[in-house]
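Asks: Need a 3D model of the following:
(one chain, ligands or ions: 1)
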Amino acid sequence: MAKYDPASLKAEEFINDEEILETLEYAEKNRDNIPLINEILEKARPVRTEKGCTCRGLSHREASVLLSCEDKEIRERIYVIAREIKQAFYGNRIVIFAPLYLSNYCVNGCLYCPYHMKNSHIARKKLTQEEIRKEVIALQDMGHKRLAIEAGEDPVNNPIEYILDSIKTIYGVHHKNGDIRRVNVNIAATEVENYRKLKEAGIGTYVLFQETYHRESYLRLHPTGPKHDYAYHTEAMDRAMEGGIDDVGLGVLFGLELYKYEFAGLIMHAEHLERVHGVGPHTISVPRVKRADDIDPDAFDNGIDDETFAHITACIRLAVPYTGMIISTRESQSVREKLLDLGISQISGGSRTSVGGYAEEERPHDTEQFDVSDQRSLDEVVSWLMENDHIPSFCTACYREGRTGDRFMSLCRNGQILNCCHPNALMTLAEYLEDYASEGTKARGYAMIERELERIPNEKTRGMTKENIGYIRNSDRRDFRF
Ligand code: SAM
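Replies: Below is the predicted model:
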């Protein structure tokens, strides 16, 4: 039987079934062990240092104890610490992005995804480079600067060359004052050589959802196609890192398997990356299975309610404090509102999950990957965020300034976020307000900028930020960043 080893490069050793089962047993046994829980909560709390703030995070065992705990008062304390961590490292900034679906051709048989190969009634579509240009113009006209490209797995229709061409096209579109400054990529697990090519193409984060860490369920849920290979899929992030990509994004599709099992697997995966590559995941996404073309989410037994979902989110926040957390428009406005406070740092807005959806006047459904719950426009999302005292940020500075992997993490640890991310958020928000916002959003946005400018600690940085925002308001000069 495989033995647990977080430093191993073999999936069955770093995501070890026996270790997960023992963790769940340990968590269950200690779910009412108040002295232990107090100790774990104390360890999770951010500590002020001379430079700023630091956090120790939690091991998968410790975090699993918190997840098992059903005591209302303890849960509330977990939420309070999640908010403290969020404030300490991410402040009230929320980074905005949009997915861009390139192609829904797929040779896999994933039981939860409408793009599965046997679905003969979904319209198959792959964007041409000209169509991608139109999509990007539509996205730029909304105000987006950061995209996550999505495609099914199909070596004939969507080979790596197609993905690389598409990235080049996206970066090449400069419509009015717009441009796409960061392209994250969510495509199937691939070879080191292809990851190297993606890195050379200038991608931001490579995102790949594990779907489920439970090997047997994984094999059942992916009965056919290249994605059936559990080890190849689970070891993908190691290959991506070997190919030079040091920002990787994890996620599981909640609803497929028991959430406690998934949670332990997810944190173990983060620990493995940290141990082997010296840097944990850049982001963790928390998608839940949604209704889609021929997919009924109730067909899966492990759906989780909103309260459990919030609890999971908060426990992830405590376990991996330096990792960004993403929530998409799969979730409704009210769920997103609650989770933003508990640790989410990135959200999508104004999303369309169909291939070619942005260039269409009406939201098309024939090629959609899943039903979008939050159907508000980007302007509405931006305005709603500000109403709730979150700063919508269109910043893409880090990877363009070479702050990827552990260099980003050290920015967090050195307390430079308020002198760096905060002004970048305000300057990119000003760009949005000037170029794309409705009158109401614009007024609300500039009022927020006025207030938030005063929170930049370094006087010189504050002065430069004010000056740059002046240029944005009074000229076509754009793309200032620290
Ligand atoms: N094809 C790539 C792969 O296999 O990893 C990634 C792209 S896929 C378009 C993006 C993600 O959408 C999948 O990893 C899956 O987690 C999610 N997804 C698929 N079907 C879904 C559904 N019915 N509801 C919610 N999310 C879904």
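Asks: who touches the closest residue to the ligand within the stretch 1-150 of the chain in this structure?
Replies: Closest approach between the stretch 1-150 of the chain and the ligand, counting by Cβ to the nearest ligand atom: residue 113, at 3.5 Å. (C-beta placed from N, C-alpha, C; glycine too.) By Cβ atoms under 8 Å, 6 or more residues apart in numbering, the contact set of residue 113 is 106, 292, 295, 369.
Asks: Could you do residue 418 as well?
Replies: With Cβ under 8 Å, 6+ apart, residue 418 has these contacts: 91, 455-457.
Asks: Next, the buried residues of the helix or strand hosting it.
Replies: Secondary structure assignment for residue 418, by DSSP states H and E: helix 417-435. Of the residues in helix 417-435, 417, 419-435 count as buried by neighbour count, 16 or more other Cβ atoms under 10 Å.
Asks: near the ligand too, which of the residues you listed?
Replies: With the criterion set as Cβ under 6 Å from any ligand atom, no member of the buried residues of helix 417-435 is near the ligand.
Asks: Pull out the buried residues from the worst-scoring helix or strand of the chain on mean pLDDT.
Replies: Least confident helix or strand of the chain, by mean pLDDT, DSSP states H and E, is helix 405-413 with a mean of 75. For helix 405-413, a neighbour-count test (16+ other Cβ under 10 Å) marks 405-406, 408-409, 411-413 as buried.
Asks: can you check stretch 84-101 too?
Replies: 84-86, 88-101.
Asks: what does stretch 141-150 give?
Replies: In stretch 141-150, counting by 16+ other Cβ under 10 Å, buried: 142-150.
Asks: confidence score at the closest residue to residue 178 other than its chain neighbours?
Replies: Counting by Cβ to Cβ, 6 or more residues apart in numbering, residue 140 is the residue found nearest to residue 178 once chain neighbours are left out, at 3.2 Å. With respect to pLDDT, residue 140 scores 98.
Asks: and if you look at residue 299?
Replies: Confidence score, pLDDT, at residue 299: 93.
Asks: ranges for the helices of the stretch 151-300 of the chain?
Replies: 160-172, 192-200, 215-221, 230-234, 236-242, 259-277 (DSSP state H, counting those that start in this stretch).
Asks: closest to residue 133 out of these?
Replies: helix 160-172 (6.1 Å; Cβ to Cβ).
Asks: Can you name the residues that contact residue 263?
Replies: 63-64, 67, 312, 315-316 are the contacts of residue 263 under Cβ under 8 Å, 6+ apart.
Asks: swap the cut-off to 10 Å and go again
Replies: By Cβ atoms under 10 Å, 6 or more residues apart in numbering, the residues touching residue 263 are 20, 23-24, 27, 60, 63-64, 66-68, 213, 252, 254, 311-312, 315-316, 319.
Asks: Which of these fall in strands?
Replies: Among the contacts of residue 263, none falls in strands (DSSP state E).
Asks: What about the ligand: which of those touch it?
Replies: Among the contacts of residue 263, the ligand is touched by none when using Cβ under 6 Å from any ligand atom.
Asks: Select from those residues every entry located in helices.
Replies: Mapping the contacts of residue 263 onto helices (DSSP state H) picks out 20, 23-24, 27, 60, 63-64, 66-68, 311-312, 315-316, 319.
Asks: Could you identify the most distant pair in these?
Replies: Farthest-apart pair in those is 20 and 311; separation 18.5 Å (Cβ to Cβ).
Asks: who in the stretch 301-450 of the chain is up against the ligand?
Replies: Residues of the stretch 301-450 of the chain lying close to the ligand by Cβ under 6 Å from any ligand atom are 330, 369-370.
Asks: out of those residues, who's nearest residue 271?
Replies: Closest to residue 271 out of these is residue 330 (26.6 Å), distances taken as Cβ to Cβ.
Asks: pLDDT of the one helix or strand residue 150 maps to, averaged?
Replies: Secondary-structure assignment from DSSP H and E places residue 150 in strand 146-151. The pLDDT scores in strand 146-151 average 98.
Asks: Return the list of helices and strands in contact with it.
Replies: Applying 3 or more Cβ pairs under 10 Å, 6 or more residues apart in numbering; DSSP states H and E, we find strand 146-151 packed against strand 93-103, helix 129-142, helix 160-172, strand 182-186, strand 206-207, strand 346-348.
Asks: Switch these over to TSV; also include distance to residue 302.
Replies: Conversion of the helices and strands packed on strand 146-151 to TSV gives the following (distance: least, Cβ to Cβ, whole Å):
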stretch	distance to residue 302
strand 93-103	24
helix 129-142	34
helix 160-172	32
strand 182-186	23
strand 206-207	22
strand 346-348	24
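Asks: Just name the most buried of these.
Replies: Most buried of those by mean neighbour count (mean count of other Cβ atoms under 10 Å) is strand 206-207; its value is a mean of 26.
Asks: follow-up on the earlier one: quick one: the helices of the stretch 151-300 of the chain as CSV, columns for mean pLDDT and distance to the ligand too.
Replies: Listed next are the helices of the stretch 151-300 of the chain as CSV, based on pLDDT from 0 to 100; distance: least, Cβ to the nearest ligand atom, whole Å:
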stretch, mean pLDDT, distance to the ligand
helix 160-172, 98, 11
helix 192-200, 98, 13
helix 215-221, 98, 10
helix 230-234, 98, 8
helix 236-242, 98, 9
helix 259-277, 98, 12
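Asks: Those helices: which one's closest to residue 285?
Replies: Proximity to residue 285, assessed across the helices of the stretch 151-300 of the chain by Cβ to Cβ, is greatest for helix 259-277 (10.2 Å).
Asks: how far away is the closest residue to the ligand within the stretch 301-450 of the chain from residue 290?
Replies: The stretch 301-450 of the chain approaches the ligand most closely through residue 370 (3.8 Å), counting by Cβ to the nearest ligand atom. To residue 290, residue 370 is 4 Å away according to Cβ to Cβ, to the nearest Å.
Asks: quick one: common contacting residues for those two?
Replies: 112, 297, 328-330, 353.
Asks: Could you save the residues you listed as CSV and add columns showing neighbour count and secondary structure?
Replies: Below are those laid out as CSV (neighbours: other Cβ atoms under 10 Å; DSSP: H, G, I helix; E, B strand; the rest coil):
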residue, neighbour count, secondary structure
112, 21, coil
297, 16, helix
328, 26, coil
329, 25, coil
330, 23, coil
353, 25, coil
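Asks: okay, among those, which ones form the most distant pair?
Replies: Top of the distance list for those (Cβ to Cβ): 112 and 329, 17.5 Å.
Asks: Dump the C-alpha coordinates for stretch 60-68 into CSV.
Replies: The C-alpha atoms that make up stretch 60-68 are tabulated as CSV, following Å, rounded to 0.1, in the frame of the first residue of the first chain:
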residue,chain,number,x,y,z
HIS,A,60,-4.5,19.4,7.0
ARG,A,61,-5.1,17.6,10.3
GLU,A,62,-5.6,20.8,12.3
ALA,A,63,-7.8,22.4,9.6
SER,A,64,-9.9,19.3,9.4
VAL,A,65,-10.6,19.4,13.1
LEU,A,66,-12.0,22.9,12.6
LEU,A,67,-14.0,21.8,9.7
SER,A,68,-15.6,18.9,11.7
